[in-house]
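Colleague: for reference, the sequence and a predicted model appear below.
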Amino acid sequence: MGSNQSWVTEFTLVGFQLSAQMEMFLFCIFSLFYIFSLLANGAILGLICLDLRLHTPMYFFLSHLAIIDISYASNNVPKMLANLVSQNRTITFVPCILQTFLYLAFAATECLILVVMSYDRFVTICHPLHYTVIMSWRVCMVLAATSWSCGFILALVHAILLLRLAFCGPQKVNHLFCEILSVLKLACVDTWINQVIILASCMFVLIGPLCLMLVSYTRILWAILKIQSREGHVKAFSTCSSHLCVVGLFFGIAMVVYMVPDSSQWEEQEKALSLFHSLFNPMLNPLIYSLRNAQVKGALCRALQRRSMQGYMQCC
């Protein structure tokens with residue numbers, strides 16, 4: 001790191017200031033949510049891999065979303081759970097920067113994957129006759145690889161800019177994990193470059209993608225309104241409603257956290273929103289896609305039927 005030595009070798013994650021009984025209660029509740037999130041996303045991923053009817057571009061991107069959600073939650077939640085039942089809430093410098101890097105990488109990648117999924121819905125409804133040509137497997141692989149690459153490159157830039165800073169105290173990160181804005185407040189040098197890059201990143205992975213999705217869904221809505229039959233309306237809306245729910249939750253919270261002016265009164269609300277982003281959003285995504293998607297529910301029913309049939313054959 002050159003002459004800018006990081007004098008602080010570890011940080012303390014403040015988290016929520018609650019009683020021991022409340023923290024134990026939250027530990028139990030959040031542990032259940034985290035386990036359910038892993039199981040639900042794992043089930044979605046397993047269904048997509050095992051059911052040939054789900055081997056389509058839409059579910060290919062949904063499998064990437066499930067992988068991101070599992071990784072996203074696993075990066076932050078285990079340490080947060082450990083802090084709820086431990087008095088030692090320290091995290092050393094390198095793991096803290098690594099946690100920040102992975103958090104930003106998975107968050108940016110999810111933004112871009114959601115944009116790609118909206119493009120897939122746009123092609124499905126607005127250009128159905130050319131869908132297989134436009135959304136070929138080669139195109140899908142390129143779009144997925146580009147999303148992952150851009151997300152991790154962007155996070156690497158933030159991590160490198162963090163490493164060049166000097167942290168000379170205080171050691172307390174007023175957050176549940178090493179969130180980049182909270183870590184920057186502990187630097188004892190000017191962080192204007194970091195702030196500018198964060199703003200530029202928000203434009204690239206939040207504002208830009210959101211505008212693209214608004215254009216896509218405007219075109220989709222116009223195409224749906226042209227459909228004459230009621231069944232056509234219902235089918236078209238059903239293919240988009242799940243994705244719209246996920247986009248609304250993810251982008252809405254992210255924009256509030258990173259684009260609302262910072263203040264001391266806002267810090268506690270920001271922790272709650274970040275908790276929702278890291279824990280509840282990965283848990284809700286598979287629920288939204290499974291409960292509002294007939295194909296996923298059908299794949300689950302077929303998997304359970306095969307399982308019961310195998311059990312019956314073994315008993316016989």
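Modeller: Yep, it's here.
Colleague: CA only for contacts and neighbour counts going forward, please
Modeller: Will do.
Colleague: buried stuff in the biggest helix by length in the chain?
Modeller: When the chain is parsed with DSSP state H, its longest helix is helix 93-126. Residues of helix 93-126 classed as buried: 93, 96-97, 99-126 (neighbour count, 16 or more other CA atoms under 10 Å).
Colleague: count of neighbours near the nearest residue to residue 123 once chain neighbours are set aside?
Modeller: Excluding the flanking residues, the one nearest residue 123 by CA to CA, 6 or more residues apart in numbering is residue 131, at 6.0 Å. Using other CA atoms under 10 Å, residue 131 has 17 other residues around it.
Colleague: continuing past the helix or strand that contains residue 131, what's the next helix or strand?
Modeller: Here residue 131 is covered by helix 131-134, with elements defined by DSSP states H and E. Next along the chain after helix 131-134, taking DSSP H and E as the criterion, comes helix 137-163.
Colleague: now do that next one against helix 93-126, angle only.
Modeller: Orientation check (axes from the mean of the first three to the mean of the last three CA atoms, to 10 degrees): helix 137-163 against helix 93-126 gives 150 degrees.
Colleague: other SSEs contacting helix 137-163?
Modeller: helix 57-84, helix 93-126, helix 192-202 (3 or more CA pairs under 8 Å, 6 or more residues apart in numbering; DSSP states H and E).
Colleague: following that helix, which helix or strand shows up next?
Modeller: Assignment by DSSP H and E places the next element after helix 137-163 at strand 172-173.
Colleague: other residues contacting the helix or strand following that following strand?
Modeller: Per DSSP H and E, the first helix or strand lying C-terminal to strand 172-173 is helix 180-184. By CA atoms under 8 Å, 6 or more residues apart in numbering, the residues outside helix 180-184 that reach it are 100, 162, 173, 174, 175, 191.
Colleague: again, only using 6 Å
Modeller: Helix 180-184 has contacts (CA atoms under 6 Å, 6 or more residues apart in numbering) with residue 173.
Colleague: kindly report the same for stretch 134-149.
Modeller: Contacts for stretch 134-149 (CA under 6 Å, 6+ apart): 109, 112.
Colleague: mind listing what's buried along it?
Modeller: Quick answer for stretch 134-149 (16+ other CA under 10 Å): 134, 135, 140, 143, 144, 147, 148.
Colleague: and these as TSV, adding pLDDT?
Modeller: Output for those, formatted as TSV (pLDDT from 0 to 100):
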residue	pLDDT
134	92
135	92
140	95
143	96
144	96
147	96
148	97
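Colleague: can you list the residues you listed in a markdown table and add distance to residue 258?
Modeller: Shown next, in a markdown table, are these (distance: CA to CA, whole Å):
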| residue | distance to residue 258 |
| --- | --- |
| 134 | 34 |
| 135 | 33 |
| 140 | 30 |
| 143 | 26 |
| 144 | 25 |
| 147 | 20 |
| 148 | 21 |
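Colleague: and the two most separated of these?
Modeller: Using CA to CA, the two most remote members of the buried residues of stretch 134-149 are 134 and 148, lying 20.6 Å apart.
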